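1. Predicted model, plus sequence, below.
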Amino acid sequence: MASNNFNAVAPVYDALAGLVFGNTLQRAQRAALPYVPAGARVLMVGGGTGRLLADLCRLNPAGLLITYVEQSDKMMHRAQKRAVGNNEVAFMHTPIEDAAIATEDFDVVITPFILDCLSEPVLGAVCTKLAKSLKPGGLWLHIDFSLSPLSPWWQHLLMKIMYAFFSITAKIGTSRLFPLNAYFAGFTAVAAHNFMAGFITTQIYRKD
Ligand SMILES: C[S@@+](CC[C@H](N)C(=O)[O-])C[C@H]1O[C@@H](n2cnc3c(N)ncnc32)[C@H](O)[C@@H]1O
């Protein structure tokens, strides 16, 4: 069952993100793409309108086997129109919780601004599933907002405003970011890129 619904915001999502963050959300996501090896099997979860999918396929014009899991049909509809070159893309219109994903099937998992939308029990189940879906040595490219008690006030405020907005427009089932460290046990941090004074991070983890 869907834990949120981004259909209402799908037509304006990219424009809205640009209005608030300029191109920073895209830059953060693009920073992950060079870590995708040629010929990789890639699981992209919550890719929205597919901008990252198009970027990935521009960088790798052929040879990738991509599974694109997105639960909003309006988002998915947009993603399906993206140019993917000679890569193979399997679109799965379903919540990742319900997706039939094989164990140790993927070289790369990408979670771009999706885990912040999930409530704690769903988040736990999803992270366990994604970790299992990776082959040993596979990479988890995680791009998202990041807050700590030491983060500046404006980051906490902006996060609160975003949660208030998306709880109304997309009915997301959480109003705060959960720490993810526990879910990355069994992984080694390989690299991290920070944007907006650490408010947005691109983290690269390798499965041990
Ligand atoms: C905040 S948007 C980010 C979209 C895109 N990654 C971007 O950064 O432009 C979150 C996306 O994740 C999708 N999503 C949320 N929960 C999901 C779930 N449980 N399974 C699959 N997709 C999900 C939403 O439909 C939405 O498209």
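-> Arrived safely, thanks for sending.
2. Now name the helix or strand holding the residue nearest to A191 when sequence neighbours are not counted.
-> Spatial nearest neighbour of A191, chain neighbours left out: I204 (4.3 Å); criterion: C-beta to C-beta, 6 or more residues apart in numbering. For every residue, glycine as well, the C-beta is placed using N, CA and C. Applying DSSP states H and E as the criterion places I204 in strand 200-207.
3. who does that strand pair up with?
-> Partners of strand 200-207 in the sheet, by DSSP bridges, are strand 134-145 (antiparallel), strand 187-195 (antiparallel).
4. Quick one: distance of the last one to the chain centre.
-> When you say that, I think you mean strand 187-195. 15 Å (C-alpha atoms, centre = their mean, to the nearest Å).
5. Convert it to PDB, retaining C-alpha atoms only.
-> What follows is strand 187-195, C-alpha atoms only, in PDB (Å, rounded to 0.1, in the frame of the first residue of the first chain):
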ATOM      1  CA  PHE A 187      28.300  -1.200   4.600                       C
ATOM      2  CA  THR A 188      31.600   0.800   4.400                       C
ATOM      3  CA  ALA A 189      31.400   4.500   3.600                       C
ATOM      4  CA  VAL A 190      33.400   5.100   0.400                       C
ATOM      5  CA  ALA A 191      32.800   8.800  -0.300                       C
ATOM      6  CA  ALA A 192      30.600  11.700   0.700                       C
ATOM      7  CA  HIS A 193      29.800  15.000  -1.000                       C
ATOM      8  CA  ASN A 194      28.200  17.900   0.800                       C
ATOM      9  CA  PHE A 195      26.000  20.700  -0.500                       C
END
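6. In this structure P11 contacts M75, no?
-> No. The pair P11 / M75 is not scored as a contact, 9.9 Å apart, by C-beta atoms under 8 Å.
7. okay, these two: which has more neighbours?
-> Neighbours per residue (other C-beta atoms under 10 Å) separate P11 from M75, with M75 holding more: 23 against 13.
8. pLDDT averaged over the helix or strand harbouring that one - what is it?
-> Using DSSP H and E, M75 sits within helix 73-79. Average pLDDT, helix 73-79: 98.
9. Could you give the backbone dihedrals for the most centrally placed residue in the chain?
-> Centroid check for the chain by C-alpha atoms, centre = their mean gives P112 as the closest residue, at 2.0 Å. Dihedral pair for P112: phi -100, psi 100, per degrees, to the nearest 10.
10. got a list of what it touches?
-> Q29, A32, M44, G46, G47, G48, L52, I143, D144 (C-beta atoms under 8 Å, 6 or more residues apart in numbering).
11. wait, which of those residues is closest to F6?
-> Set against F6, the nearest of the contacts of P112 by C-beta to C-beta is G48 (7.3 Å).
12. Test my guess that that closest one contacts R82.
-> No. Applying C-beta under 8 Å, one finds G48 not in contact with R82, separated by 10.8 Å.
13. Who has more neighbours out of the two?
-> G48 (24 against 19).
14. Now that one: which helix or strand?
-> Per DSSP H and E, there is no helix or strand for G48.
15. what about it, distance to K135?
-> For G48, the distance to K135 (C-beta to C-beta, to the nearest Å) stands at 26 Å.
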